[in-house]
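# Sharing a model prediction with you, sequence too.
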Amino acid sequence: MTRKTLLTIKPVMILLMLLFTFLSCELVEDETIEESQQEEEYNLEELQGNWIRVGGNNPINNGMTIEVLENQGTVINPVESGFEKNDIKWLNIRSTSEMNFEYKELGSDSNYYPSLLFFQEDDTLRVDVNHSGAGNYQKWIRLE
């Protein structure tokens, strides 16, 4: 090979090595995103179904039932709570870890408040609403 041919081949090889490096980084990033999405979907599966409120610091809401479908909880029986059937009580639920979630809680004043939901192994949910007042602490159990 001549010196001119070698000088032409060297930049092409460097370019190919950089291209392969870049493509391999993209694949790892895509796999990480997919794993994260699968973990969130798995965690949300644990919340799917019907829940009844059995405790908290606003007892008039005890007995209310909610149905969780995908990432929201809809009131299916408001009892004497003041909420309406089909109100979205829990909005945009997303997992923050295996057993913990964050979401927006519909308050009795029709505003949504940032909230945390803690899933317990005995099929109970503990809710902590980031707002002072009645209803900022709740306990829910799964309906069979």
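All right, it came through fine. Predicted model only: the values in this text are computed from it and were never measured.

# gap between the residue nearest to Glu84 when sequence neighbours are not counted and Phe101?
Of all residues not flanking Glu84 in the chain, Pro78 sits nearest, at 6.2 Å (C-beta to C-beta, 6 or more residues apart in numbering). Where you see a C-beta, it was placed from the backbone N, CA and C, and this is true even at glycine. Pro78 sits 22 Å away from Phe101, going by C-beta to C-beta, to the nearest Å.

# Between those two, which is the more surrounded one?
The neighbour count for Pro78 versus Phe101, taken as other C-beta atoms under 10 Å, is higher for Phe101 (23 against 18).

# just checking, that one touches Arg94?
Yes - counting by C-beta atoms under 8 Å, Phe101 touches Arg94, with 6.5 Å between them.

# overlap in contacts of those two?
Common contact partners of Phe101 and Arg94 (C-beta atoms under 8 Å, 6 or more residues apart in numbering): none.

# neighbours around Leu44, how many?
By other C-beta under 10 Å, 17 other residues sit near Leu44.

# And Val68, by the same measure?
Neighbours around Val68, by other C-beta under 10 Å: 22.

# For the residue nearest to it when sequence neighbours are not counted, the count of nearby residues, please.
The shortest distance from Val68 to any residue that is not its chain neighbour, by C-beta to C-beta, 6+ apart, is 4.8 Å, and that residue is Leu47. Residues within reach of Leu47, counting by other C-beta under 10 Å, total 21.

# How much space separates the most centrally placed residue in the chain from Gln72?
Most central in the chain under C-alpha atoms, centre = their mean is Arg94, positioned 0.9 Å from the mean C-alpha point. According to C-beta to C-beta, Arg94 and Gln72 sit 11 Å apart.

# Test my guess that the residue nearest to Val68 contacts Ile66.
No - counting by C-beta under 8 Å, Leu47 does not reach Ile66; the two are 10.1 Å apart.
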